[in-house]
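> below is the structure, and that's it, no one-letter string:
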C-alpha cells in the first residue's frame, strides 16, 4: 500500500522560501508512469494545483505559480520536495502531496485524478 507523508515547517516568514518534503512508502517515485504532485488549499477556498514531477524527472507547474516554484526529487530516499519562494500571507494553506499511477500526467487539483494522497500539512506565512 502506497503512503505519502508531508513534512516541513508550519510557519514561514514573508519573503522567505517555503520548503516541504513528501516521503513515499510502499512504492517507488521512479516507477513507470507515476506522477508526484503538490496541491494546496487556502483557508475557505478550493484545492489549487501547484506542480508535478514525473517518474522520468520531467516537471510540470501551474502557470500562476511557476515563477516561484521548484519541485525536485531524491530517488535514493524516495522523496520529492516543493520549494515556493518569496512567500506572502496569501500562500497560507494546507499543502498536500499526491500521487498518480498509470496513464498520463494530471495537472489538476481534482481529488479523483490522484491515486494516493498525503494527510496534508498546514503552512502559515506570517511575521
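Structure's in. What do you need? Source: prediction; values computed, not measured.
> quick one: end-to-end length of stretch 21-34, please.
Stretch 21-34 has an end-to-end distance of 17 Å (criterion: Cα to Cα, to the nearest Å).
> next, the buried residues of that stretch.
Judged by neighbour count using 16 or more other Cβ atoms under 10 Å, the buried positions of stretch 21-34 are 21-24, 27, 29, 34. In this view, the C-beta of every residue, glycine as well, is placed from N, C-alpha and C.
> assign a three-state SS to the most centrally placed residue in the chain, would you?
What sits nearest the mean C-alpha location of the chain, by Cα atoms, centre = their mean, is residue 38, with 1.9 Å. Using DSSP: H, G, I helix; E, B strand; the rest coil, the structure places residue 38 in strand.
> what sits against it?
Contact analysis of residue 38 by Cβ atoms under 8 Å, 6 or more residues apart in numbering lists 20, 22, 50-52, 71, 82, 95-98.
> excluding chain neighbours, what is closest to it?
residue 50 (4.1 Å; Cβ to Cβ, 6 or more residues apart in numbering).
> how about residue 42?
Counting by Cβ to Cβ, 6+ apart, the residue nearest residue 42 is residue 93, at 4.4 Å.
> if anything else comes up later, I'll come back, but that's it for now.
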